[in-house]
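Asks: The following block contains a protein sequence and its predicted model.
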Amino acid sequence: MGQKVGALKELAIGELRVALTPESAAQLQKLGYACLVEAGAGEGSGISDDAYRTAGVTVVEDAAALVAAS
């Protein structure tokens, strides 16, 4: 895969949304993108890291690792 898309964990207080879901990642992957997400990014939206992994998303440990990988 060529291009990469990464989603960071939201830092704003009370913000529960996440920029990438397993479903949107699946669509991006069909277009040839590799998808990465910071560990815990989906928790506020009820999305586990395992759900991302099942969808083929690479889960990285922290923001620095995500920036470096993407």
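Replies: Thanks, I have it. Residues are numbered from 1 along each chain as shown.
Asks: Every contact and neighbour count from this point should use C-alpha atoms.
Replies: Noted.
Asks: Would you map the strands across the chain?
Replies: Using DSSP state E, the strands of the chain run over 4-7, 34-38, 58-60.
Asks: Which positions within stretch 41-49 qualify as buried?
Replies: Using 16 or more other C-alpha atoms under 10 Å as the test for burial, stretch 41-49 gives Ala41, Gly42, Ser48, Asp49.
Asks: can you redo the strands of the chain as CSV with distance to Val67?
Replies: CSV is the format used below for the strands of the chain (distance: least, C-alpha to C-alpha, whole Å):
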stretch, distance to Val67
strand 4-7, 8
strand 34-38, 9
strand 58-60, 10
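Asks: Buried deepest among these, which one?
Replies: The highest mean neighbour count among these, using mean count of other C-alpha atoms under 10 Å, belongs to strand 34-38: a mean of 24.
Asks: Distance from it to the middle of the chain?
Replies: Its chain's C-alpha centre and that of strand 34-38 lie 4 Å apart, by C-alpha atoms, centre = their mean, to the nearest Å.
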